[in-house]
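[1] I'll drop the sequence and a predicted model, then ask my questions.
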Amino acid sequence: MASSENNILLKVEDLKMHFPIYKGLIRRQVGAVHAVDGISFDVMRGETLGLVGESGCGKSTTGRAILQLYKPTAGKIVFDGTNLVSLKSEDMRLMRRKMQMIFQDPYASLNPRMTVGEIVGEPLLVHNIASGREVDEQVAHLLEIVKLNPSFSTRYPHEFSGGQRQRIGIARSLALHPSFIVCDEPISALDVSIQAQVVNLLEELQEQFNLTYLFIAHDLSMVRHISNRIAVMYLGVIVELADRDTLYEKPLHPYSQALLSAVPIPDPFAESKHKRTILQGDVPSPVNPPSGCRFRTRCPIAESVCAESRPEFRELNPGHFVACHFADRFL
Amino acid sequence: MTNTTAAKQQKLISEGDSGALRSRSPWRDATGRLMRNKASVTGLVIILFFTLLTIFAPQIAPHNPLQLNSGQGFLPPSWVEESGNGTKGIPDYPLGTDTLGRDALSRIIYGARVSMIVGFAPTAIILLMGTFVGMMAGYYGGRWDNFLMRLTDIMYGFPDLLFFIITLVALRDTWIGEFMNGLFLLFLALAVVNWVGVARLVRGQVLSLKEKEFVEAARSIGAKDSRIMMKHLLPNILGPIIVQGSFAIPSMIITEAILGYLGLGLKPTTDPEAFFITSWGSLLLEGQSAINAQPYLLLAPAICVALVVLAFTFVGDGLRDALDPRMRGTQ
């Protein structure tokens, strides 16, 4: 057990992120968006943890809260033995060398008034790692790593395609040699033909620099390709967490089952026999989430107990966590 | 201008550079667009002309603007054969003389000094002040924001002209009112009223920009607030700020003319050593008392005010179009 404890790079404990809603002239708080509402998971050194779920379920918020881009409402985020939530802002600033982020929208994530060289070299300047010519040399090296022409460094972001811009963003996140990178849907804004290139690049970089990824996505086949383990989120909570193959072959939570049954099969005969679980209704509002189990309003097997108590996130099989009162049925 | 650009491109093409079009910064792009706008170039030429007038007034003016010429008062411009009061213009005084026989042209040339400085000095103050306050309010938000914005609301709600008249009259004989012949007080009054618009503009821009992913990216690499504001926010809002400034200049000039006409602002001086001797506003006031006998005394400064205001407005229009991000890259 001790060795596996050492293997944990990031430990998230009961993380909550609520965004207050203000109304009226004196801006009284009238409620809160429960974007993330008590999630716990570990990320092992060197692995890729996939985080999937539909839009608005709190995936991106989780990623940003881990990097302290938002101040979490409650919970602990222990990175390499340090609780980030209690760090002073200057200590957190230094901590950022070890953890970086790749953003979803390659058009919004690069400052249009800076050259590529300035963008990629900025982390080096911010942390006083290099200056003058050293920056230029390191930027050229970083651009080569992400397979861009080093001479691009004098150009501006608007001169590049989406895939190239995403590579620039990746180069920036690698500049500080981090050990952990949050990939916030890094490929969802790209053309399908470019997606594979960027994913392959991310995989190569992981091997080369021994990186750990938290890979946020909603493309289930891509997540299956890149992840070692996968967590499924629904309305601010993690409903299931398991090894990639276990989750895809034997999902235990009714939501994961419905989600995975939505993946099309590239074989018309198999597809015609494929039974799809279609969920009824819409995702409830995160301002006013349902009592008990978050999923009960749309769950095909919900019973009265689901409204009364929130299902525990329990380890049903070794390494396979589920938050459902009736998950045992599917074992 | 066009010639050199063409020559440069020719050179690049002849060198066989595969990336023939050299990367251009967004600022140089905008300058190019501004220079292709005929109205703006005309405006710039007019502004340059009047700027030179203000600097070289002693060399250019044919007479001392304070020199009285008894017996030669109320002369019409040199091309008038017979004016209302039966006098004939002489070539010595191209635009005629005023009641006291002072050369009208020389007085207008010296008057340009006040209008130009009154266009630029308070505008510089309001841009600095408005940008600082707007940036703080927009970036830090919360109480700061509330306090500053209520303050700007109060400033906005107060009638401008009433404020100018009250302050200029009330402080007329204090040291502030005496400083620079009353011009300093005028600058202050203009700045106090007008920084509000800039602050609101900047705050709005910062509010929308700070949610952009590239600002988040800057925070995630560990950039300090000051760096984010100077490197990421400011360059991206500089366009609207410059445009706002270029429209503030003509409104300052007009306001000075109005106040001068009301007998406020610059106190006309008889000290030959003074840098600011008279203003177009005061000339308007002097001219209108003789409107029947010698309409040129009113017309000439009025035309100058109109010309300068129009020139600045043309440049402002051109800047707005040139700095519009949607125009980026267009020829």
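    Great, that's in hand.

[2] rest of the way, CA atoms for contacts and neighbours
    Will do.

[3] just the helices in the stretch 1-150 of chain A please.
    Assigned by DSSP state H, counting those that start in this stretch, the helices in the stretch 1-150 of chain A fall at A:2-6, A:59-66, A:89-95, A:116-126, A:133-145.

[4] weakest of those helices by average pLDDT?
    Lowest mean pLDDT within these: helix A:2-6, at a mean of 56.

[5] OK, now which residue of the stretch 151-300 of chain B is nearest to chain A?
    With C-alpha to the nearest C-alpha as the measure, B:F214 is the residue of the stretch 151-300 of chain B nearest to chain A, at 4.0 Å.

[6] local confidence estimate at that residue?
    Confidence at B:F214, expressed as pLDDT, is 94.

[7] next one: B:L297
    At B:L297, pLDDT is 87.

[8] in a strand, that's where it is, yeah?
    No: judged by DSSP: H, G, I helix; E, B strand; the rest coil, B:L297 forms no part of a strand; its state is helix.

[9] ok, now which ones touch it?
    Taking C-alpha atoms under 8 Å, 6 or more residues apart in numbering or on different chains, we find B:L297 in contact with B:98, B:104, B:283-284, B:286-288, B:290-291.

[10] coming back round to it: now name the helix or strand holding the residue of the stretch 151-300 of chain B closest to chain A.
    Here B:F214 is covered by helix B:213-220, with elements defined by DSSP states H and E.

[11] following element in sequence after that helix, please.
    With DSSP H and E, the next secondary element past helix B:213-220 is helix B:225-227.

[12] show the average pLDDT along that next one.
    93.

[13] try stretch B:50-66
    For stretch B:50-66, mean pLDDT is 87.

[14] what's the answer for stretch A:286-303, then?
    Averaged over stretch A:286-303, pLDDT sits at 90.

[15] what sits up against it?
    Contacts of stretch A:286-303 with the rest of the structure, by C-alpha under 8 Å, 6+ apart, involve A:31-35, A:234-237, A:254-255, A:279-282, A:284, A:306-311, A:324.

[16] could you dump it to PDB, C-alpha only?
    The C-alpha trace of stretch A:286-303 is given here as PDB (Å, rounded to 0.1, in the frame of the first residue of the first chain):
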ATOM      1  CA  PRO A 286     -26.700  23.000 -11.100                       C
ATOM      2  CA  VAL A 287     -28.200  25.900  -9.200                       C
ATOM      3  CA  ASN A 288     -30.800  23.600  -7.700                       C
ATOM      4  CA  PRO A 289     -29.500  20.100  -7.900                       C
ATOM      5  CA  PRO A 290     -31.800  17.100  -7.000                       C
ATOM      6  CA  SER A 291     -31.600  15.800  -3.500                       C
ATOM      7  CA  GLY A 292     -29.900  12.500  -2.800                       C
ATOM      8  CA  CYS A 293     -28.500  11.000  -6.000                       C
ATOM      9  CA  ARG A 294     -27.900  13.600  -8.700                       C
ATOM     10  CA  PHE A 295     -28.900  11.300 -11.400                       C
ATOM     11  CA  ARG A 296     -32.200  10.000  -9.900                       C
ATOM     12  CA  THR A 297     -34.400  12.300 -12.000                       C
ATOM     13  CA  ARG A 298     -33.300  10.600 -15.200                       C
ATOM     14  CA  CYS A 299     -32.200   7.200 -13.900                       C
ATOM     15  CA  PRO A 300     -34.000   4.100 -15.300                       C
ATOM     16  CA  ILE A 301     -33.600   2.200 -12.000                       C
ATOM     17  CA  ALA A 302     -34.200   5.000  -9.400                       C
ATOM     18  CA  GLU A 303     -36.100   4.100  -6.200                       C
END
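
[17] residues of it that come out buried?
    A:286, A:289-290, A:293-299, A:302 (16 or more other C-alpha atoms under 10 Å in any protein chain shown).

[18] the residues you listed: which two are farthest apart?
    Of all pairs drawn from those, the one with the longest distance (C-alpha to C-alpha) is A:P286 and A:A302, at 19.6 Å.

[19] tell me which residue of chain A lies closest to chain B.
    A:S109 (4.0 Å).

[20] contact partners for that residue?
    Listed by C-alpha under 8 Å, 6+ apart, the contact set of A:S109 reads A:103, A:169, B:212-217.

[21] inside strands: which ones of the buried residues of stretch A:286-303?
    Applying DSSP state E to those, no entry is found in strands.

[22] would you mind listing what in chain A touches chain B?
    With C-alpha under 8 Å from any C-alpha of the partner chain as the criterion, chain A meets chain B at residues A:67, A:69, A:93-94, A:96-97, A:100-101, A:103, A:105, A:108-113, A:123, A:126-127, A:154-156, A:173.

[23] which of those residues count as buried?
    A:67, A:93, A:96-97, A:100-101, A:103, A:105, A:108-113, A:123, A:126-127, A:154-156, A:173.

[24] so which elements touch the helix or strand hosting B:S115?
    Following DSSP H and E, one finds B:S115 within helix B:104-140. If contacts are counted by 3 or more C-alpha pairs under 8 Å, 6 or more residues apart in numbering or on different chains; DSSP states H and E, helix B:104-140 sits against helix B:38-55, helix B:142-157, helix B:183-209, helix B:234-261, helix B:280-288, helix B:296-323.

[25] quick check: angle from that helix to helix B:296-323?
    Angle of helix B:104-140 versus helix B:296-323, following axes from the mean of the first three to the mean of the last three C-alpha atoms, to 10 degrees, is 30 degrees.
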